[in-house]
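> Requesting a structural model of the entry that follows:
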Amino acid sequence: MTENMRLLATQVKSIIVFHTIILVINTYAHEEIDVLYSMMPYISIFLFICLAPIIVAFFLSTKFARQASDAILGILLAVLIYNVVARFSASPVLFSQNYSLFWKIVYEGSFGLILMSEVIAFWLTFKMLREIHKQINNPSGNIPK
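Okay, here's the model as predicted:
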């Protein structure tokens, strides 16, 4: 594994951990501002969105980096589509009578951070996959002329 691949793997892991933390904050803020929203009906999806990328990301530094990159690309694309569809096709948020503006700002801001972290992690994982393919096609490290 080259130094560039190690750096990309570390960056992807960091962004995926950040994504998970922001997702938990977003869910908590959603529960604070919406009377009818509860995470419990969505716990299986929530656990998949949180745990699957983290588990797979730890394989980026092993000999299974190519398979892990493919899996992360698929998971991140699925999570991105799910978040956008769930956010904009769901019923409007029914605010509790005493919600704090702070939680509304946290909810909206964290949703944007979630989407940005997914896109950045997808891009970095794609770059890592390109590096893996370069190394597979040219194992000696020499630049062809």
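
> Mind giving me the packing neighbours of whichever strand or helix holds Ala57?
Assigned by DSSP states H and E, Ala57 falls within helix 43-57. If you count contacts as 3 or more Cβ pairs under 8 Å, 6 or more residues apart in numbering; DSSP states H and E, helix 43-57 packs onto helix 3-33, helix 65-89. In this view, the C-beta of every residue, glycine as well, is placed from N, C-alpha and C.

> The same query, at a cut-off of 10 Å, please.
Helix 43-57 sits against helix 3-33, helix 65-89, helix 101-137, with contacts defined as 3 or more Cβ pairs under 10 Å, 6 or more residues apart in numbering; DSSP states H and E.

> Tell me how far Gly74 lies from Leu101.
38 Å (Cβ to Cβ, to the nearest Å).

> cool, Trp123 as well?
Distance from Trp123 to Leu101, by Cβ to Cβ: 33 Å.

> Those two: which has the busier surroundings?
Between Trp123 and Leu101, counted using other Cβ atoms under 10 Å, the more crowded position is Trp123 (13 against 8).

> Next, the contact list for that one, please.
Shown in contact with Trp123 (Cβ atoms under 10 Å, 6 or more residues apart in numbering): 12, 15, 76.

> How about the most centrally placed residue in the chain: what's its closest non-neighbour residue?
Centroid-nearest residue in the chain: Glu118, 4.2 Å away (criterion: Cα atoms, centre = their mean). Nearest residue to Glu118, sequence neighbours excluded (Cβ to Cβ, 6 or more residues apart in numbering): Leu80, at 4.7 Å.

> pLDDT below threshold where in the protein?
35-36, 90-99, 139-145 (pLDDT under 70).

> rerun that using 80 as the cut-off
1, 34-39, 42, 89-99, 138-145 (pLDDT under 80).

> picking up where we left off before, Serialize the contacts of Trp123 to TSV and add fields for distance to Asn26 and neighbour count.
Output for the contacts of Trp123, formatted as TSV (distance: Cβ to Cβ, whole Å; neighbours: other Cβ atoms under 10 Å):
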residue	distance to Asn26	neighbour count
Val12	20	27
Ile15	16	23
Leu76	16	27
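
> ok, so of the residues you listed, who is nearest Ser61?
For the contacts of Trp123, the minimum distance to Ser61 (Cβ to Cβ) is 10.0 Å, reached by Val12.
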